[in-house]
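> predicted model and sequence follow; I will ask about them next.
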Amino acid sequence: MALSPLAVPAFVSVDVSLDIHAPTLKGAALGLGLALAYVLAGAFGRNLRWRLLRRRRQRG
């Protein structure tokens with residue numbers, strides 16, 4: 001399948017526009033991922049701490 005001469009500039013322009021937006025999209029995705037991981041880790045840590053405190057109180 002050969003590309004027509006008109007399809008090539010369209011392909012290139014789409015590629016360039018994606019290339020320009022890629023870093024911001026990656027940054028946004030990374031930021032969201034980090035925020036989500038932080039929240040999940042915080043919730044998990046709090047839950048774990050509560051369990052440990054309860055166990056200590058039951059023993060003591």
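Arrived safely, thanks for sending.

> where does the chain dip in pLDDT?
Where the chain drops to pLDDT under 70, the residues are 1-22, 59-60.

> show me where it has its helices.
7-59 (DSSP state H).

> give the burial count for Leu30, as a bare number.
Residue neighbour count, defined by other CB atoms under 10 Å, stands at 10 for Leu30. C-beta: built from backbone N, CA, C; applies to glycine.

> residues contacting it?
Counting by CB atoms under 8 Å, 6 or more residues apart in numbering, Leu30 makes contact with nothing.

> for Val39, see how far away it is.
For Leu30, the distance to Val39 equals 15 Å [CB to CB, to the nearest Å].

> repeat for Leu48
According to CB to CB, Leu48 stands 15 Å off from Val39.

> over to Arg55?
25 Å.

> again, but for Gln58
Plainly put, Gln58 is 29 Å away from Val39 if you go by CB to CB.

> compare those two (neighbour count), which wins?
Taking other CB under 10 Å, Gln58 and Val39 do not tie; Val39 has more neighbours (10 against 7).

> can you count the residues close to Thr24?
9.

> just Leu53 next, same as before
10.

> for Arg57, same thing?
For Arg57, using other CB under 10 Å, the count is 8.

> next one: it from Lys26, what distance?
46 Å.

> can you check Arg56 too?
Noted for Arg56: a distance of 44 Å to Lys26, by CB to CB.

> please apply the same query to Gln58.
Distance, Gln58 to Lys26, using CB to CB: 47 Å.

> again with Asn47
Distance, Asn47 to Lys26, using CB to CB: 31 Å.
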